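Peer 1: Generate a structure from the sequence data that follows.
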Amino acid sequence: MIIDCHGHYTTAPQSLTDFRDAQIAALKDPAQTPSRASLKISDDAIRDSLEKAQLKLQRERGSDVTVFSPRASTMAHHIGTESTSLEWSQICNDLIERVVGLYPKNFVGVCMLPQSPGAPVAGSVKELERCAKMGFIGANLNPDPSGGHWTAPPLTDKYWYPIYEKLCELDFPAMVHVSSSCNANFHATGAHYINADTTAFMQLIQGDLFKDFPTLRLIIPHGGGAVPYHWGRYRGLAQDMKRPPLDTHVMKNVFFDTCVYHQPGIDLLLKVIPVENILFGSEMVGAVRGIDPTTGFNYDDTKRYIDGSSLSQGDKQRIFEGNAYRVYPRLKARLAAH
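Peer 2: Presented below is the predicted three-dimensional model:
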């Protein structure tokens, strides 16, 4: 089985975007606040949004299951208040639940959280509990709800501990995934995303998070940002800072995906990072949707890069399937139920 650990509902029906636009407009004119009942998305609209996109690509590219969450760029935790984020998160997560209900063999749910700059994390804890009851298997955690201004404490700060406690209680992993950028210095997918992946890893080196949460599992997407390319730098910094070696200090709890959009980049990732720390992911119909003129194939067809690597068949299968079951303990039972 080929399990894609990184998928977002980027093709959701237009009515979802229309609702969000109305919700944002109502921040200036509360009298125009849309009701949830006004958001109407039929099962047929959901099917149509997926059959021409994610499902079509699953069949064409040879993957079986996508770990599916709301669109990352529209989490936009910097917009509005905590209540704005709570309503938006619940709506988006409920839509993911419907997707999984319609296609239980193709998708499993991962939730977004109702984060908001400076707000307590209690709302996120409650949403984790709600989504676990809905059959979700993990969460996306935004380390920078401010949208590129980095006003939140580091991931090792105790501000985040109630979320980690709930993640461990539920046996949920979290993908550390930022959202859109409202800082003109940082292009969202070209800079902000990669910055955040790299920053998250460095924060984990600096702290002792996994001493307090030895069973916590964090996925750093997009191939770990700049980390694999600068692996010697991070090993050396850890050494200079008198931190333990990375293989014991961080890498028992941290995993990278394969959302790296060229063969040399994947080859570097596979050479530097242990196979047991790598999950197959594509983020298809996401940040980069075009065709690479040097190959004739889509940049985000990442299965081709794993297939084209020099790894043994056994190691490839660990990346495609085996590691996902370790990182997402609820996954196997969820799939077996359908």
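
Peer 1: Straight-line length of stretch 220-231, end to end?
Peer 2: Using C-alpha to C-alpha, to the nearest Å, one end of stretch 220-231 lies 14 Å from the other.

Peer 1: pLDDT on that stretch, on average?
Peer 2: Stretch 220-231 carries an average pLDDT of 97.

Peer 1: okay, which residue is most central for the chain?
Peer 2: When the chain is reduced to its mean C-alpha position, the closest residue under C-alpha atoms, centre = their mean turns out to be Met175, at 4.3 Å.

Peer 1: helix/strand/coil for that one?
Peer 2: strand (DSSP: H, G, I helix; E, B strand; the rest coil).

Peer 1: what's the distance between the spatially closest residue to it that is not a sequence neighbour and Thr198?
Peer 2: Here the nearest residue to Met175 in space, its sequence neighbours aside, is Ile219; by C-beta to C-beta, 6 or more residues apart in numbering that works out to 4.3 Å. In this view, the C-beta of every residue, glycine as well, is placed from N, C-alpha and C. Here Ile219 is placed at a distance of 14 Å from Thr198 (C-beta to C-beta, to the nearest Å).

Peer 1: Counting neighbours, go ahead and name the busier of these two.
Peer 2: Comparing Ile219 with Thr198 by neighbour count (other C-beta atoms under 10 Å), the higher total belongs to Ile219, at 26 against 19.

Peer 1: where along the stretch 101-250 of the chain do the helices fall?
Peer 2: Using DSSP state H, counting those that start in this stretch, the helices found in the stretch 101-250 of the chain span residues 122-133, 161-170, 193-206, 209-212, 231-240, 246-249.

Peer 1: Out of those, which is the most enclosed?
Peer 2: Mean neighbours per residue, mean count of other C-beta atoms under 10 Å, is largest over the helices of the stretch 101-250 of the chain for helix 193-206, with a mean of 21.

Peer 1: Can you tell me what sits against it?
Peer 2: The contact list for helix 193-206 (C-beta atoms under 8 Å, 6 or more residues apart in numbering) reads 143-144, 150, 154-156, 176-178, 186, 210, 218, 220-227, 234, 237-238, 241, 243, 246, 249-250, 254, 287.
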